[in-house]
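[1] Below are the sequence and a predicted model; questions follow.
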Amino acid sequence: MKKACLVITGFLILLIVISVIFAVFQKNVPMGDKVAVVRIEGPIMDSKSATDEIKGYLKDPSIKALVLRVD
């Protein structure tokens, strides 16, 4: 009985580890056209980080739209 519990627990832990690894690397898997979201929050004192992020998205041919969220 203990051995069966250990096997099931080991299998579940392995499944969780594989799921976490897949989730981390999922953003690098090409899945077709994408929509980029740029969030700008708080007072806008410097636009360099937002413009750098937008320019980075412009270089990616899989991104077909850009959503700019200003709060």
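    That came through, no problem. Residues are numbered from 1 along each chain as shown.
[2] Glu41 contacts Leu68, doesn't it?
    No - at 11.8 Å, Glu41 and Leu68 do not qualify as touching, with contact defined as Cβ atoms under 8 Å. The C-beta positions use only the backbone N, C-alpha and C, and glycine is treated the same way.
[3] out of these two, which sits in the more crowded spot?
    Set Glu41 next to Leu68 and count neighbours by other Cβ atoms under 10 Å: Leu68 wins out with 11 against 8.
[4] Grab the nearest non-local neighbour of that one.
    Leaving aside its chain neighbours, Leu68 sits nearest to Val38 (5.3 Å; criterion: Cβ to Cβ, 6 or more residues apart in numbering).
[5] all strands of this structure, in order?
    34-40, 63-70 (DSSP state E).
[6] Go through those and pick out the most buried.
    Compared across the strands of the chain, strand 34-40 shows the largest average neighbour count, a mean of 13 (mean count of other Cβ atoms under 10 Å).
[7] helices or strands up against that strand?
    On a contact count with 3 or more Cβ pairs under 8 Å, 6 or more residues apart in numbering; DSSP states H and E, strand 34-40 meets helix 48-58, strand 63-70.
[8] what mean pLDDT does the longest helix anywhere in the chain have?
    Assignment by DSSP state H gives helix 2-25 as the longest helix of the chain. Across helix 2-25, pLDDT averages out at 88.
[9] Could you list the domains of this protein?
    1-29, 31-71 (automatic domain parsing).
[10] Pull the distance from the longest one to the chain's centre.
    Between the centre of domain 31-71 and the centre of its host chain there is 14 Å, according to Cα atoms, centre = their mean, to the nearest Å.
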